[in-house]
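**Student:** fold the stuff below for me.
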Amino acid sequence: MFSAIKTLHQGVDVCINNAGLARPEPLLSGKTEGWRTMIDVNVMAVSICTREAYQSMKERNIDDGHIININSMNGHSVVPQSVVHFYSATKYAVTALTEGLRQELREAKTHIRATCISPGLVETGFAFKLHDNDPERAAATYESIRCLKAEDMANAVIYVLSAPPHVQIGDIQMRPTEQIS
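**Tutor:** So this is what the prediction gives:
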């Protein structure tokens, strides 16, 4: 992917890692395969894309780039639902990775910024993947409250990218007004 971006667009100035996958795999009875899938998508893919984006910026002397990780409120608190506990662990990893990235960027003496945007419930296909054996439960997830929309996420990204060069936004935590946890 990064090779194609280099060929078509010279490289990456802004990377938005929007990986998010949950499988219903509790800690006490979950399947290893489901855990690995979540680690691969939510942690490894974010890390690989971050590394490649930084290398692209470094090769082209881009000193004002930005790496944004779309995280989750589950990366800041654990809800009492066993099917998302492992998912929460992967999103806590994204929180730690983003702060570690910020620190490494400072050590490298760049002005490239790193930000997490951590939403609560966003109306996407996420619940249908989590509850793939129960589409009614998945649909009910989005019907119970007025959820965040893709446009809300886009506005958060625009806000982060619009910050003055001397401003580092570490994390935006946002949730629907009606969301309890």
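
**Student:** least trustworthy helix or strand in this protein by mean pLDDT?
**Tutor:** helix 126-130 (a mean of 70; mean pLDDT, DSSP states H and E).

**Student:** what's the following helix or strand after that one?
**Tutor:** Next in sequence after helix 126-130, counting helices and strands by DSSP states H and E, comes helix 135-143.

**Student:** how about residues contacting the helix or strand following that next one?
**Tutor:** Next along the chain after helix 135-143, taking DSSP H and E as the criterion, comes helix 150-162. Helix 150-162 has contacts (C-beta atoms under 8 Å, 6 or more residues apart in numbering) with 14, 16, 66, 68, 70, 115, 117, 119, 122-124, 169, 172, 174. In short, each C-beta sits where N, CA and C put it, glycine included.

**Student:** for those, which one is nearest Ser144?
**Tutor:** Proximity to Ser144 was ranked across those by C-beta to C-beta; first place goes to Glu123, at 11.3 Å.

**Student:** per-residue confidence at that closest one?
**Tutor:** pLDDT recorded at Glu123 is 80.

**Student:** try Arg175
**Tutor:** In this model, Arg175 carries a pLDDT of 96.

**Student:** quick check: the farthest pair among the contacts of helix 150-162?
**Tutor:** Those two in the contacts of helix 150-162 that are separated most widely, counting by C-beta to C-beta, are His66 and Glu123, at 25.6 Å.

**Student:** the two - which one has more neighbours?
**Tutor:** Each of His66 and Glu123 has its neighbours counted (other C-beta atoms under 10 Å); His66 has more, 22 against 16.

**Student:** where does pLDDT dip in the protein?
**Tutor:** When residues are selected by pLDDT under 70, those of the chain lie in 127-128, 138.
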